[in-house]
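Undergrad: Fold the stuff below for me.
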Amino acid sequence: MKQLWVILLLIMMALNGCGSGNQTDNNQASNDQKEAAKAEIESRLSTLIEFNNEANETVGYIKGEDFPSFRKELNLIAEGIGIDDKLQINSDDEIKSMISRLETGVDQLTGDEAIQALETMNSSQVIYSTVFKDDFELQFEEVDLTSSGNSLNFFINHESENLTTESDIIEEVESTIGVIEFSNLEPLQDLKAESEKYADAFPEEELTLLNAIINNLTSSIQNQINVLKQLKPVTMDEGSSVDQLLDQAITDYNDAKKSLDELEALYGKNE
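TA: Residues are numbered from 1 along each chain as shown. Down below sits the predicted model:
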């Protein structure tokens, strides 16, 4: 009987010892996670600071084509650590002020706060709202052929009335194409790059819808450019009529809108 109690005691001691060891490991793992979360946020902020410093040293400012991506990542960090004000304009003073606030905010994060902040920064819904939503609203307005803000619409209903010579038509067509490429095609290409940058944060269904929005808007605007090319007095037949190009542009736009509605429904934005 005595031997049995000894055996039970040894078993209890072993179990308690294992439990104590596991608790230490769990605590250590938790501390490691906290440190890693804060380090990742610091690293992402440091990358932006270095980019801004390099831009200032080389050309004196962040170039216009580089600012949107810079601004979005900076605002994503701000969203993560709970700073409501966001960077909006490419102003050196505004950028320095925001960076200073972020440095202070990140430095003051506790381990638990760092984990929560990183979870927020890696949330697909937060990334969508911070990185994509505003640009989508603008692009949907400008790609819509029925909108007064659509360049092809404006060309047909306003500019074309004043064109009397072939050279005038060619010049205005090329000018309008240039506006579309700058205002729509290039921003959509930037959004495609952003979707690739943040792809790992999106579940497959959300990422598929996100890319469908971008791809269909891009296809719609490319077809609108092709319509303009067809309006030149001397142009090669590329196999598609103006009517076909317009129909495809409208279809692409509607498909993009459908994907947008489905994506935002997943986020509860249509409730």
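
Undergrad: Contact partners for the residue lying closest to Ile221 once chain neighbours are set aside?
TA: Nearest non-adjacent residue to Ile221, counting by C-beta to C-beta, 6 or more residues apart in numbering: Asn184, 4.7 Å away. Every C-beta, even on glycine, is put in place using the N, C-alpha and C of the backbone. Asn184 makes contacts with Gln139, Glu142, Val143, Ser151, Leu217, Ile221, as judged by C-beta atoms under 8 Å, 6 or more residues apart in numbering.

Undergrad: of those residues, the lowest pLDDT goes to which?
TA: By pLDDT, Ser151 ranks lowest within those, coming in at 93.

Undergrad: If you drop the residues flanking it in sequence, what lies closest to that residue?
TA: Computed as C-beta to C-beta, 6+ apart, the closest residue to Ser151 that is not its neighbour in sequence is Ile180, at 4.9 Å.

Undergrad: related to what we said a few turns ago, now, the most widely separated pair of the contacts of Asn184?
TA: Maximum pairwise distance among the contacts of Asn184 (C-beta to C-beta): 13.9 Å, between Ser151 and Leu217.

Undergrad: more crowded one of the two?
TA: Neighbour tally, Ser151 and Leu217, criterion other C-beta atoms under 10 Å: the higher count belongs to Leu217, 27 against 24.

Undergrad: Can you pull the domain assignment for the chain?
TA: Listed domain ranges for the chain are 31-120, 124-266 (source: automatic domain parsing).

Undergrad: tell me which element Leu145 is part of?
TA: Assigned by DSSP states H and E, Leu145 belongs to neither a helix nor a strand.

Undergrad: packing partners for the strand or helix carrying Lys229?
TA: Element membership for Lys229 (DSSP H and E) is helix 204-230. When contacts are defined as 3 or more C-beta pairs under 8 Å, 6 or more residues apart in numbering; DSSP states H and E, helix 204-230 packs onto helix 133-143, helix 151-157, helix 166-180, helix 186-197, helix 242-266.

Undergrad: Now the residue nearest to Ile221, what are its backbone angles?
TA: Backbone torsions of Asn184, given as degrees, to the nearest 10, read phi -120, psi -50.

Undergrad: contacting residues for the nearest residue to Ile250 once chain neighbours are set aside?
TA: Take Ile250 and drop its neighbours on the chain: the residue closest to it by C-beta to C-beta, 6+ apart is Leu145, 6.2 Å away. Neighbouring residues of Leu145 by C-beta under 8 Å, 6+ apart: Leu152, Asn153, Gln224, Leu246, Ala249, Ile250, Tyr253.

Undergrad: Would you check that the first one makes contact with Lys229?
TA: If I follow you right, that is Leu152. No. Using C-beta atoms under 8 Å as the test, Leu152 is too far from Lys229 to be in contact (11.2 Å).

Undergrad: more crowded one of these two?
TA: Neighbour comparison, Leu152 and Lys229: the larger count goes to Leu152, with 21 against 16 (by other C-beta under 10 Å).

Undergrad: distance of the more buried one from Gln248?
TA: In this view, Leu152 and Gln248 are 13 Å apart by C-beta to C-beta, to the nearest Å.

Undergrad: among the domains of the chain, where is the model least confident on average?
TA: Going by mean pLDDT, the lowest-scoring of the domains of the chain is domain 124-266, which has a mean of 91.

Undergrad: tell me how far that domain is from the chain's mean position?
TA: 17 Å (C-alpha atoms, centre = their mean, to the nearest Å).

Undergrad: I figured Asn185 was touching Gln222, is that so?
TA: Careful, residue 185 is Leu; it's not Asn. Yes. With contact defined as C-beta under 8 Å, Leu185 reaches Gln222; the gap is 7.1 Å.
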